[in-house]
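*Asks:* based on what follows, work out the 3D shape:
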Amino acid sequence: MKTKKIGKLLEETAQKSDGIAKVRGRPIKKGQVLNPGGRPKIPEEVVEMCRAASPRAISELIAVFDDEQARPGDKIRASEAILNRAWGSPRQAIDLSNGDEGPLKLIIEYVSPPK
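*Replies:* Presented below is the predicted three-dimensional model:
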């Protein structure tokens, strides 16, 4: 039902603008950066509070893991969190095969800038 309404709205917009749909929001020019400072840093006092609470949080995870009455999904999530903190997140496998084309070949070439 919603897709019909959205399609109708887009059609009406295109008709109103002589076949050119108008873009909402502010336009972004090529090369323009909307967040030049990057992601804001977490305040140091918040980081310190979280680090101070870490042993208690791990204890809670272990308690859920050891709880006989905990739901299986909660135990699995607690297990994953404990293992990730102890051993790090598992590495993701990447398939580097080239199908039937044989092995891949990596070529690194230095290209000097035009003069």
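*Asks:* check the protein for its longest helix and report it.
*Replies:* helix 44-66 (DSSP state H).
*Asks:* which elements pack onto that helix?
*Replies:* helix 72-87 (3 or more C-beta pairs under 8 Å, 6 or more residues apart in numbering; DSSP states H and E). For the C-beta atoms, the positions are set from N, CA and C on the backbone; glycine is no exception.
*Asks:* tilt between the helix it packs on and helix 44-66?
*Replies:* 130 degrees (axes from the mean of the first three to the mean of the last three C-alpha atoms, to 10 degrees).
*Asks:* and helix 72-87, what's buried?
*Replies:* 78, 81 (16 or more other C-beta atoms under 10 Å).
*Asks:* per-residue confidence at the residue positioned nearest the centre of the chain?
*Replies:* Centroid-nearest residue in the chain: residue 39, 13.9 Å away (criterion: C-alpha atoms, centre = their mean). Residue 39 is assigned 87 on the pLDDT scale.
*Asks:* cool, residue 111 as well?
*Replies:* Reported pLDDT for residue 111: 85.
*Asks:* could I get the longest helix of the chain in CSV with only the CA atoms?
*Replies:* C-alpha atoms of helix 44-66 as CSV (Å, rounded to 0.1, in the frame of the first residue of the first chain):
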residue,chain,number,x,y,z
GLU,A,44,37.4,11.4,28.5
GLU,A,45,35.3,11.2,31.7
VAL,A,46,32.7,8.9,29.9
VAL,A,47,35.5,6.7,28.7
GLU,A,48,36.9,6.5,32.2
MET,A,49,33.5,5.6,33.7
CYS,A,50,33.0,2.8,31.1
ARG,A,51,36.4,1.4,31.8
ALA,A,52,35.8,1.5,35.5
ALA,A,53,32.5,-0.4,35.0
SER,A,54,34.1,-3.0,32.7
PRO,A,55,34.9,-5.6,35.4
ARG,A,56,31.3,-5.5,36.7
ALA,A,57,30.0,-5.8,33.1
ILE,A,58,32.1,-8.8,32.5
SER,A,59,31.0,-10.3,35.8
GLU,A,60,27.4,-9.8,34.6
LEU,A,61,28.1,-11.5,31.3
ILE,A,62,29.7,-14.4,33.2
ALA,A,63,26.6,-14.6,35.5
VAL,A,64,24.3,-14.8,32.5
PHE,A,65,26.5,-17.4,30.9
ASP,A,66,26.5,-19.5,34.1
